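**Student:** no FASTA, just this:
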């Protein structure tokens, strides 16, 4: 293995010293034995923007060739016709593939990791739970509580002290706490003035970062590191242990709570049950492949929902407030819409603006959120794989189990898809002449996925984000620190590499 790594490293070092500004054709050169890996490593620091340039020059689809026997060959596409074909019209021939579960092994059998009957059962159970009115009410109540007891006190403290805040970290803590309340019924209170470290939260971040690096390393290399317990692979092993230990405590406590409820003949409140309670009580006669008596299954349930709810919403909110700072005219229009449609509120109090039916009046805010997620999608790429060989609408042939990557970041910036102004932030593109929200097909706007795997929590997520934005814009001004470098970190979630440093002031 080492004899393969040495020439690759030497080659990249030579490129670094002798080729200051390599052109596109040089970066995409398919070298003998090592494929296009040197070029990939050269642009890894700006991989998102590079893929925009690459796919603009490749008619929306590009075949990447990795080192020989490294398992890195992949077809990269953002062709809407291909996306619709794979995720919708020919969905039955496309799944995650055997390689996917191996790369994502730290998350075991979470819903986004599985296929076939297991996925269908997971999906059915999730749909029944997330679309229940009781759970929707629980979500509103949890959001109110975390705003009043978490976000508002932190914002007030930083505003009073004139301190610099990492807004990305605040939003991640905010969504982590809410997610854990909805999943387990317990608030870890990671969002507080002293910003305590939470080992479960930290382990999730390290696992997600590790999975990204597995995509850009030869398979034998990351497996060797895992076997030896080195680098990021060591952190992923440690994260796996933390997942089991922390989830076991939640599951044990919840089983006892459900047992006592049964003894005392207690019925759930009108606010709805948390997800872990619902899954423990799952009617197994309706789900052949789900086993709520197995703690490993319940651990996967916890991980499924925490990964879906924590980072994606935090990412969307962070990029949204940064892009607002770059577009004060949009901020003014959103505030005008809020003032026109919602009752003015005082910070930290329960108010009408938290009512989902009231939030539906905020069409321009909805449009601005969609536009922000078009340019900065929380999940910057999707993976899929054909069960049997196929030919895509673009004419590209794919063999069984081929690795296919859909790059959402590039898709949202492609002129061939969105027009000449694709790179511009224009919420107006989402509003019709009559003032209603304009519909765009999911294979063009993929922030909430498409087809049978489309996001079940879309409405809950949008309501949560609108609620947070209304609270902040009505009561605070966010000032982004000038001169900081804003760039996305290569990861499964589109996070800012250096965070987002801001100061807060209260509005009169």
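**Tutor:** That came in fine, so what should we check first? If you're wondering where the values come from, they're calculated on a predicted model, not measured in any experiment.

**Student:** separation between residue 331 and residue 175?
**Tutor:** To residue 175, residue 331 is 22 Å away according to CB to CB, to the nearest Å. (Each C-beta comes from the backbone N, C-alpha and C, glycine too.)

**Student:** kindly apply the preceding question to residue 492 instead.
**Tutor:** 16 Å.

**Student:** okay, those two: which has more neighbours?
**Tutor:** Neighbour count, other CB atoms under 10 Å: between residue 492 and residue 175, residue 175 has more, with 26 against 20.

**Student:** what secondary structure does that one sit in?
**Tutor:** Put simply, residue 175 is helix when judged by DSSP: H, G, I helix; E, B strand; the rest coil.

**Student:** for residue 137, same thing?
**Tutor:** Under three-state DSSP, residue 137 comes out as helix.

**Student:** now residue 466: closest residue in space that isn't a chain neighbour?
**Tutor:** residue 359 (4.6 Å; CB to CB, 6 or more residues apart in numbering).

**Student:** what's the neighbour count on the one you found?
**Tutor:** Residue 359: 22 neighbours (other CB under 10 Å).

**Student:** now do the same contact list for it.
**Tutor:** 353, 463, 466, 467, 470 (CB atoms under 8 Å, 6 or more residues apart in numbering).

**Student:** would you mind measuring from residue 307 to residue 492?
**Tutor:** For residue 307 relative to residue 492 (CB to CB), the value is 9 Å.

**Student:** so what sits against both of those two?
**Tutor:** With CB under 8 Å, 6+ apart, residue 307 and residue 492 have common neighbours residue 208.

**Student:** could you pull out the strands for the stretch 151-300 of the chain?
**Tutor:** Using DSSP state E, counting those that start in this stretch, the strands of the stretch 151-300 of the chain run over 165-166.

**Student:** could I get the full set of helices for it?
**Tutor:** 152-161, 167-184, 199-215, 219-228, 231-263, 275-280, 295-309 (DSSP state H, counting those that start in this stretch).

**Student:** picking that back up, so which of the contacts of residue 359 wins on neighbours?
**Tutor:** For the contacts of residue 359, neighbours tallied by other CB under 10 Å; top is residue 470, 25 neighbours.

**Student:** hmm, residue 338 and that one touching each other?
**Tutor:** Yes: between residue 470 and residue 338 there is a contact at 5.8 Å, judged by CB atoms under 8 Å.

**Student:** quick one: low-confidence ranges for the stretch 1-150 of the chain?
**Tutor:** 1-22, 110-111, 113 (pLDDT under 70).

**Student:** where in the protein is pLDDT low?
**Tutor:** 1-22, 110-111, 113, 264-271, 344-354.

**Student:** go ahead and flag the most central residue of it.
**Tutor:** For the chain, the residue sitting closest to the mean C-alpha position, by CA atoms, centre = their mean, is residue 312 at 3.3 Å.

**Student:** quick check, it in a helix?
**Tutor:** Yes: assessed with three-state DSSP, residue 312 lies in a helix.

**Student:** OK, contacts around it?
**Tutor:** Neighbour list for residue 312: 378, 379, 461, 493 [criterion: CB under 8 Å, 6+ apart].

**Student:** any idea how far residue 89 lies from residue 275?
**Tutor:** For residue 89 relative to residue 275 (CB to CB), the value is 32 Å.

**Student:** between the two, which one's more packed in?
**Tutor:** Per other CB under 10 Å, whichever of residue 89 and residue 275 has more neighbours is residue 275, with 26 against 13.

**Student:** can I assume the more buried one is in contact with residue 306?
**Tutor:** No: contact criterion CB under 8 Å: residue 275 and residue 306 do not qualify, at 9.9 Å.

**Student:** what is in contact with those two at once?
**Tutor:** With CB under 8 Å, 6+ apart as the test, residue 275 and residue 306 both reach residue 183.

**Student:** can you pull the phi/psi pair for the spatially closest residue to residue 495 that is not a sequence neighbour?
**Tutor:** Nearest non-adjacent residue to residue 495, counting by CB to CB, 6+ apart: residue 489, 5.0 Å away. Here is the backbone geometry of residue 489 (degrees, to the nearest 10): phi -90, psi 130.

**Student:** need the contact list for residue 489.
**Tutor:** Counting by CB under 8 Å, 6+ apart, residue 489 has contacts 495, 496, 497.
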